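Trainee: Turn this into a model:
(chains A, B, C and D)
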Protein chains: 2
Amino acid sequence: MSIAERKGRQRAEREQRIIAAARLIAEGAGWSAVTIRRLAEEIEYSQPVLYSHFENRDAIVAAVAIEGFRQFTTALRQAAREATDRRSGLECVAMAYLGFAMQNPALYEAMFTLPTGLRFAELETRSELKDAFRALAAVVEPSKTDVAVATETFWAALHGLVELERSGRIRRGARDERVAFVVDGLLGC
Amino acid sequence: MSIAERKGRQRAEREQRIIAAARLIAEGAGWSAVTIRRLAEEIEYSQPVLYSHFENRDAIVAAVAIEGFRQFTTALRQAAREATDRRSGLECVAMAYLGFAMQNPALYEAMFTLPTGLRFAELETRSELKDAFRALAAVVEPSKTDVAVATETFWAALHGLVELERSGRIRRGARDERVAFVVDGLLGC
DNA sequence: GTACGTAATCTAGCGTTGCTAGTTCTTCAA
DNA sequence: TTGAAGAACTAGCAACGCTAGATTACGTAC
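Mentor: Purely as a prediction, here's the structure:
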């Protein structure tokens, strides 16, 4: 059995190399630079090999996105741990959210903007995606109103801030004030 | 001069036909179906003709987006006119915002997601884009805090709700509750 | 009315993309 | 040693954005 095990291990390693290469290229030159040919060259295999790992290009983006959600959840949980009270909990998580998105723009794009075919808000939703939502819900939790609604709205506000700031639709620089505004709004309810 | 005028008129008409075709195809089959070849076929001219009107494909998307912003501003202003008090003003505009995005998904995508090279939050920002922001600011206006910050945050929350709802990341159906949540937050500040 | 020069338009094709059919090579068990 | 099964490669298809160069249409001057 050890031969089969070795093969499986090598295959998994190669798959990881594909995902890592995709993420690296995307972060350096944008997702349009992530082509099958470029990835094949990077892992030193021919193009059809990639299709034995992933159904199509979107599936590669999806794999990067899943990895991103794991890292994202970790970042949010750590931020929540540094908080002292409810207000600072919301603030820390909000700033961690924006920081993550700004420091990993291509990763965030894979997670939220690019077509990946990932399922959300459904039964078949992958655990990585549910965990991210729960990490947000954790700091919203002690709320009088519906926690699900509050978390969804909190999430939407943060996602909107990310997208509008990154596309230059709102001013750079007033980020702290806007976050404070969101937190105040949430605390008032 | 009338010959030159006629030519200019016909040229402008053809440009409008390109924009209309792009929008129609995008709304029916997604932006990936909007190819230069397809547009050329639609207006019954060869492909290079399109490049005498627009620098590249992105410029066509941008033209659709500009048209979208005009229509968008009109919709927001009309919604604001139907309001009786501050709360209903925010609610009406918020619902009009979400309604517009959901009824014209491809148009909204051109306006906010696709690369168009449009300038925002700058001196050279086109009037159509500034007008949309002002229509939002109008209902936020009677606020104690910084109106710019409040408007940007309001906008971000609405944009986030659109994107998360459309990509299926938050539940369908609880839209009204989330809008109420946003409005409550804004009124509390 | 005719010839000419400019402007408008088209044909054809380049380089790149995602993806795949068909072939060759490698590996392992009998 | 040999033959089957699996793994990987070569080569190429159709479609994409975009453009150089040939061709046609048209307004103007004689």
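Trainee: for chain A, where's the lowest mean pLDDT among helices and strands?
Mentor: helix A:2-29 (a mean of 91; mean pLDDT, DSSP states H and E).
Trainee: on contacts alone, who are the packing partners of that one?
Mentor: The contact analysis (3 or more CB pairs under 8 Å, 6 or more residues apart in numbering or on different chains; DSSP states H and E) places helix A:2-29 against helix A:36-43, helix A:47-53, helix A:57-81, helix A:105-112. In this view, the C-beta of every residue, glycine as well, is placed from N, C-alpha and C.
Trainee: Is it possible to get CSV of those that adds mean pLDDT, distance to A:Ala138 and mean neighbour count?
Mentor: Converted to CSV, those look like this (pLDDT from 0 to 100; distance: least, CB to CB, whole Å; neighbours: other CB atoms under 10 Å in any protein chain shown):
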stretch, mean pLDDT, distance to A:Ala138, mean neighbour count
helix A:36-43, 98, 36, 15
helix A:47-53, 98, 35, 14
helix A:57-81, 98, 6, 19
helix A:105-112, 98, 19, 22
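Trainee: show me the contacts for A:Arg126.
Mentor: Taking CB atoms under 8 Å, 6 or more residues apart in numbering or on different chains, we find A:Arg126 in contact with A:Ile66, A:Phe69, A:Leu118, A:Arg119.
Trainee: nope, A:Thr125 is what I meant
Mentor: Residues near A:Thr125 by CB under 8 Å, 6+ apart: A:Arg119.
Trainee: cool, A:Glu163 as well?
Mentor: Neighbouring residues of A:Glu163 by CB under 8 Å, 6+ apart: A:Thr113, A:Arg169, B:Phe112, B:Thr113, B:Ala156, B:His159, B:Gly160, B:Glu163.
Trainee: and A:Glu91, how many residues sit next to it?
Mentor: For A:Glu91, the count of nearby residues is 19 (other CB atoms under 10 Å in any protein chain shown).
Trainee: what's the distance between it and A:Arg171?
Mentor: A:Glu91 sits 20 Å away from A:Arg171, going by CB to CB, to the nearest Å.
Trainee: about what we covered before: as a markdown table, the helices and strands packed on helix A:2-29 with distance to B:Arg126 would be great.
Mentor: Listed next are those as a markdown table, based on distance: least, CB to CB, whole Å:
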| stretch | distance to B:Arg126 |
| --- | --- |
| helix A:36-43 | 36 |
| helix A:47-53 | 42 |
| helix A:57-81 | 32 |
| helix A:105-112 | 25 |
